[in-house]
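# Using only what follows, build the 3D model:
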Amino acid sequence: MNENALSGRCEKLGPVTDLSALLPVIIIVGIVVLVIAGIVVGLVSGRRKKIDYTGTRDANDQVIAPERPASAESEPAPAGVGTLPPPAEPQEAPTEDVLDEAVIERVPTEAPAPVAGRLIRLRERLAKSNSIFGKGLLALLSSDRIDEGVWEEVEETLLLADIGTDASMDLVDTLRERVRVMGTRSPEEVRAMLREELVKLVDPTMDRTLNVARTDGKPAVVLVVGVNGVGKTTTVGKLARVLVAEDKDVLLGAADTFRAAAAQQLATWGARVGVPTVKSDVDGADPASVAFEAVKSGIEQEVDVVMVDTAGRLQNKVGLMDELGKVKRVIEKQADVDEVLLVLDATTGQNGLAQAKVFAEVVDITGIVLTKLDGTAKGGIVVAIQKQLGVPVKLVGLGEGPDDLAPFDAESFVDAILA
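Okay, the predicted model is just below:
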């Protein structure tokens, strides 16, 4: 091959050599384009996954939070951008039984005070709160000259003590006649006369015993009722102490299912004297069902007394009053209700009498428990309630202490007033 031919051939291969030099650059550019395209496709696919639900999710299904990269947790959020807290891990709700048992186990068992000691405190505290009433009457009737003005003051004193209009007028008429017959009288004679007439008003002949004896192989059943805030649950707990002090086996039924912590409060009272409590751990449970189970348990355990606490209700709420009647009827399917105790706040005075009348129509009240009697000078409400309802006051509450509930005694009550 000659030189001219070789030279012509090399000129033809020149462009090929230049294209070979550019090939690596072309390959790199192609790879970059493919990578960018892949990233774009990935982003689009990711957005679709976030907003596109291929199926439905039940509201009760557990929501699983997506995993977050570690770097995302460590980086602070930009200013002005809110961040949501991570979803809390599901936790089991605490069971009421565990809480109740733990609390009750820490309550030490106590020995309740004997009844005799309670009566002594009754006299002392009544003397402090009602002595103005008694001393006022004694001062008026000990005057050298008793005219019409004095008798008006006597009547006013009686009315202020909530004895009631009819009882006050009757007592004034009786005292007028006795003073006229006596003529000259010493302070001792006036005191004896006033004591005698007040005792008659309080009526010591009324049966104030609690019917808590087992009959026909079944426990006595005591139903405790009243309006809100008078201290029913506390009264049930204190009465349990009274009965335990008399060697009675007691079981409590927490049928107040509407007030928060009422069942726990009653169970704690029972634990203090070793008394079991039947209750429901469901808020708003049917009170009649709880009462039924309490009486059933009492029969099975052969206890002496079953006491059932009920929810407070206003006397003008027809539906709630009807429910109270239902509780009593359900209990009577298993055993007789031996006592229906109405708890009244002595400080409410004549309003308590209005409450008593309505409750008596619904559940046949057998006895009254007067609480806070030491906090009022209106002890005459005892007379008014008994006179209008024919229902005896059986127990009185005289303080906040666990043993500040005592059987009512007519003569001790009058002696305390005149102390």
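# For residue 209, see how far away residue 323 is.
29 Å (Cβ to Cβ, to the nearest Å). Where C-beta positions appear, they are placed from N, C-alpha and C, glycine not excepted.
# and these two? which has more neighbours close in?
residue 323 (17 against 11; other Cβ atoms under 10 Å).
# what's the helix or strand for that one?
helix 318-331 (DSSP states H and E).
# Quick check: which helices or strands does that helix pack against?
strand 220-225, helix 287-301, strand 305-310, helix 350-363 (3 or more Cβ pairs under 8 Å, 6 or more residues apart in numbering; DSSP states H and E).
# go with 10 Å
Applying 3 or more Cβ pairs under 10 Å, 6 or more residues apart in numbering; DSSP states H and E, one finds that helix 318-331 makes contact with strand 220-225, strand 250-255, helix 287-301, strand 305-310, helix 350-363.
# what's the angle between it and strand 220-225?
With axes from the mean of the first three to the mean of the last three Cα atoms, to 10 degrees as the basis, helix 318-331 and strand 220-225 are set at 170 degrees to each other.
# For whichever helix or strand comes after helix 318-331, which strands pair with it and how are they oriented?
On the C-terminal side of helix 318-331, the nearest following helix or strand under DSSP H and E is strand 339-345. Sheet neighbours of strand 339-345, with direction, are listed as strand 220-225 (parallel), strand 367-371 (parallel) (DSSP bridges).
# What residues sit buried inside the first one?
Put plainly, it is strand 220-225. Neighbour counts over strand 220-225 (16 or more other Cβ atoms under 10 Å) mark 220-225 as buried.
# Could I get the average pLDDT for it?
Average pLDDT, strand 220-225: 96.
# Could you check the angle whichever helix or strand comes after that strand makes with strand 250-255?
Once the chain leaves strand 220-225, the next helix or strand it forms, by DSSP H and E, is helix 232-245. Relative orientation of helix 232-245 versus strand 250-255 (the same axes, to 10 degrees): 170 degrees.
# Extract the CA atoms of helix 232-245 and return them as CSV.
C-alpha atoms of helix 232-245 as CSV (Å, rounded to 0.1, in the frame of the first residue of the first chain):
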residue,chain,number,x,y,z
LYS,A,232,-76.5,8.7,104.4
THR,A,233,-73.4,6.8,103.6
THR,A,234,-71.6,8.1,106.7
THR,A,235,-74.7,7.2,108.7
VAL,A,236,-74.7,3.6,107.3
GLY,A,237,-71.0,3.3,108.2
LYS,A,238,-71.5,4.6,111.7
LEU,A,239,-74.6,2.4,112.3
ALA,A,240,-72.5,-0.6,111.3
ARG,A,241,-70.2,0.3,114.1
VAL,A,242,-73.1,0.5,116.5
LEU,A,243,-74.3,-3.0,115.5
VAL,A,244,-70.9,-4.5,115.6
ALA,A,245,-70.5,-3.2,119.1
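# about what we covered before: need the strands paired with strand 339-345 in CSV (columns: distance to residue 413).
Below are the strands paired with strand 339-345 laid out as CSV (distance: least, Cβ to Cβ, whole Å):
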stretch, distance to residue 413
strand 220-225, 22
strand 367-371, 10
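# Walking through the chain, point out its helices one by one.
Along the chain, counting by DSSP state H, helices occupy 3-51, 70-74, 96-105, 115-141, 148-160, 165-182, 187-202, 232-245, 262-272, 287-301, 318-331, 350-363, 381-389, 410-417.
# Quick one, which of those gets closest to residue 373.
helix 115-141 (6.9 Å; Cβ to Cβ).
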